[in-house]
Structure formats: C-alpha cells, structure tokens
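A.B. asks: Output the structure for:
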Amino acid sequence: HHFISSYLRKFLGGNLQVPPALSLKQCMLTWVGCFFGLLVLSAFNEGVIKLSGGEYNLLLGPFGALMTLQYSLTSAPASQPRNVICGQAVAGAICLAVTYIPDFIITKWVRRAFAPAFAITAMTALGVPHPPAGAHSVIYSSGDYDWMFYFLVVLASIISIFPAVIINNISDKRQYPTYWTKFTMCYRE
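C.D. replies: Residues are numbered from 1 along each chain as shown. Sure thing, here's the model as predicted:
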C-alpha cells in the first residue's frame, strides 16, 4: 500500500519551479544558431545527395532536435559533443546490427521497439544519452538504411558541433561546450 501511494504521489510532480524563458537577446542568438546550424547541415545534405547521385540523404528531423539541444539547452549533458558523437555512434551501430537478425527471429514491428530500447539503454549505461540518437535509432531499426547512412549521420553530428561552438560562445551568458571528455563508461553499481 505504501509503495502504491508513494508511486502515485510522484504523478503530481516534484514541486520544482518552471524554468524561466530566455531573454529576447538569447532567443535571437538561438534563432541565429539554429538557422546557421541547419544551413550548414542542409548544405552538407545537398552535397551528399549530389555526390551519391541521389542514393543518400540525411533525414533532417532528428537534427532539428539536435539544434534545440545545442542552442536552447547548451549546458545540458545531452547537448555536449561527447553525447552528440558517441550517442549517435552507439545507437546507430546497435540498431543497424540488430537489422541483421532475420525477420523470423525478430519481426520488423518488434525490431522497431527492441533495437531503439536496446540502443537507448546502451547510451544511458555509457553515460552518453542523446535524444536525436534515440530518434535516429528508430529510423535505423526499420532496416531501410545502411552503414553509409550511419557514417553520414555521425559525420553530420560532428559537423554540427562547429557552428554551435562558434555561435553560442558569442554570448557571455553561454558556454558551449561545458566540457570535452573522452568516451568512458559511467555505469556503476
């Protein structure tokens, strides 16, 4: 009985204050960052399309989520370069590997839940959770994408860091990144 009431009480929230909105000046910098960040990725995508004869292109939706992290939540751990790069690398590799399991063992519709769940858990265990990588993992798990697409997504993620560093650090109220660290396990008992 105590567990149930304690559990249900959590549904009411933790009584923390709602974070304040950013100032107009900070919102304008967010707009500039998102615009130039997506412009760089869009130009990269156009180059990929031309060089591959239309065979490859980036699905830019998850990169919109990345822009939100890099220009609105600049100090969040999920926004940091370590999470951006390693999260994409881990989640994509896991989901693409799972697509090699035959459909008679894991059907496509089960794989679309299994692979991302596994990938997101792996990112968490490694200390590199990254929401856009979770979105990409759902895309990868369809089985419609290959290792070249994976490489392009990881490369685009690396590219996205450069405008984020340049634009965010224009403001004295922001610092991006808040840390550069090596890829290490953070799972502890």
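
A.B. asks: Would you point out which residue is most central in the protein?
C.D. replies: P132 (2.5 Å; C-alpha atoms, centre = their mean).

A.B. asks: contacting residues around it?
C.D. replies: Contact analysis of P132 by C-beta atoms under 8 Å, 6 or more residues apart in numbering lists 62-63, 65-66, 69, 84, 87-88, 157. Placement of C-beta: from N, CA and C, glycine included.

A.B. asks: Go through the residues you listed and say which is closest to T181.
C.D. replies: Among the contacts of P132, V84 lies closest to T181 (C-beta to C-beta), at 12.4 Å.

A.B. asks: any idea how far K50 lies from N57?
C.D. replies: K50 is 10 Å from N57, where distance means C-beta to C-beta, to the nearest Å.

A.B. asks: out of these two, which sits in the busier spot?
C.D. replies: Neighbour tally, K50 and N57, criterion other C-beta atoms under 10 Å: the higher count belongs to N57, 13 against 9.

A.B. asks: In terms of helices and strands, where is the more buried one?
C.D. replies: Assessed by DSSP states H and E, N57 sits outside every helix and strand.

A.B. asks: Need the pLDDT of it.
C.D. replies: Confidence at N57, expressed as pLDDT, is 94.
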